[in-house]
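Colleague: coords please:
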Amino acid sequence: MSTKAELYDVIRKPIITEKATMASEHNAVVFEVAIEANKPQIKEAVETLFNVKVKAVNTTITKGKVKRFRGALGKRKDVKKAYVTLEEGNTIDVSTGL
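Modeller: Below you'll find the predicted structure:
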């Protein structure tokens, strides 16, 4: 079992976008997670922190865009998202904050 601080290192923040809101209608919640986090770690963190049962975890890595910063080329960081599907009857209210 991990400490609460380590679990919050795995789960960075909830993602609230139009697509994430549509996923919540199908009992799923979207989180930004650490790039090195794997699916079992994400599942354990969500179950421990929010006291819910997780059905499945799907992850995706969005590569950072190349942008100009003060005329010089720069690159945004890569972001890993976790789509966490919850068992029936379990909910997480991400609008209230962690």
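Colleague: use CA for all of it now, contacts and neighbours both
Modeller: Noted.
Colleague: ok, Ile15 to Arg70 distance?
Modeller: 28 Å (CA to CA, to the nearest Å).
Colleague: who has more neighbours out of these two?
Modeller: A count of neighbours by other CA atoms under 10 Å puts Ile15 above the other of Ile15 and Arg70, at 19 against 7.
Colleague: relative to Val30, how far out is the more buried one?
Modeller: Distance from Ile15 to Val30, by CA to CA: 6 Å.
Colleague: Val54 - how many residues pack around it?
Modeller: 18.
Colleague: check Lys4 too.
Modeller: So Lys4, with other CA under 10 Å, has 11 neighbours.
Colleague: find the nearest non-adjacent residue to it, please.
Modeller: Spatial nearest neighbour of Lys4, excluding adjacent residues (CA to CA, 6 or more residues apart in numbering): Leu49 at 7.5 Å.
Colleague: can I assume that neighbour sits in a helix?
Modeller: Yes. Assigned with DSSP: H, G, I helix; E, B strand; the rest coil, Leu49 falls within a helix.
Colleague: buried set for stretch 55-69?
Modeller: 57, 59 (16 or more other CA atoms under 10 Å).
Colleague: I meant stretch 22-32, not that one.
Modeller: 23-24, 27-32.
Colleague: so which of the residues you listed are in helices?
Modeller: The helices, defined by DSSP state H, take in 23-24 from these.
Colleague: ok, which pair from the buried residues of stretch 22-32 is furthest apart?
Modeller: The largest separation in these, counting by CA to CA, is between Asn27 and Glu32 at 17.2 Å.
Colleague: that concludes my questions; thank you for your assistance.
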